[in-house]
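Enquirer: turn this into a structure:
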Amino acid sequence: MTSASHELIDDLKRLVVDVCEKDIDPAGIADDELLFGPDARLELDSLDALQLSMALQKRYGVRLPDSKETRRVMASIATLAEFLAAHK
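Expert: Below you'll find the predicted structure:
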């Protein structure tokens, strides 16, 4: 991974914590940790997904596709970073 990828991943972790108002250290989120669903430690919900989607659009200028694709893209920090890197 390049340093830009590490910077993007770190930025995404901070964004998730800030937007979803979680009281955790962003560095404690694993890159491949599930963000949503019953097994997700962060317990993000549909409102968090909407807020995160809007924040991604504002910060990175990308719109997330249909809901099925959005669920795949928002599965983890790693999948978000892959999506953003592909849409720069």
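Enquirer: show me which helix runs longest in this protein.
Expert: The residue-count maximum for a helix in the chain (DSSP state H) belongs to helix 3-19.
Enquirer: what comes into contact with it?
Expert: 22, 24-27, 29, 31, 35, 42, 44, 48, 51-52, 55-56, 59, 77-78, 80-81, 84-85 (Cβ atoms under 8 Å, 6 or more residues apart in numbering). Just so you know, the C-beta spots here come from the backbone N, C-alpha and C atoms, and that holds for glycine as well.
Enquirer: also stretch 73-88?
Expert: 5, 8-9, 12-13, 16, 29-36, 49, 52-53, 56, 60, 62, 64-65, 72.
Enquirer: one more time with 7 Å, if that's ok
Expert: Contact partners of stretch 73-88, identified using Cβ atoms under 7 Å, 6 or more residues apart in numbering, comprise 5, 8-9, 12-13, 29, 31-36, 49, 52, 60, 62, 64, 72.
Enquirer: what do you get for stretch 37-47?
Expert: Counting by Cβ under 7 Å, 6+ apart, 20, 22, 33, 34, 35, 36 sit against stretch 37-47.
Enquirer: just the buried members of those?
Expert: 20, 22, 33, 35, 36 (16 or more other Cβ atoms under 10 Å).
Enquirer: count of neighbours near the residue lying closest to residue 34 once chain neighbours are set aside?
Expert: What sits nearest to residue 34 in space, not counting adjacent residues and going by Cβ to Cβ, 6 or more residues apart in numbering, is residue 40, at 4.3 Å. Per other Cβ atoms under 10 Å, the neighbour tally for residue 40 reads 14.
Enquirer: pull out the buried residues from the helix or strand bottoming out on mean pLDDT in the chain.
Expert: Lowest on mean pLDDT, DSSP states H and E among the helices and strands of the chain sits helix 67-73, with a mean of 89. By 16+ other Cβ under 10 Å, the buried positions in helix 67-73 come out as 70, 73.
Enquirer: report the mean per-residue pLDDT for the longest helix of the chain.
Expert: The average pLDDT within helix 3-19 is 91.
Enquirer: great, nothing more from me.
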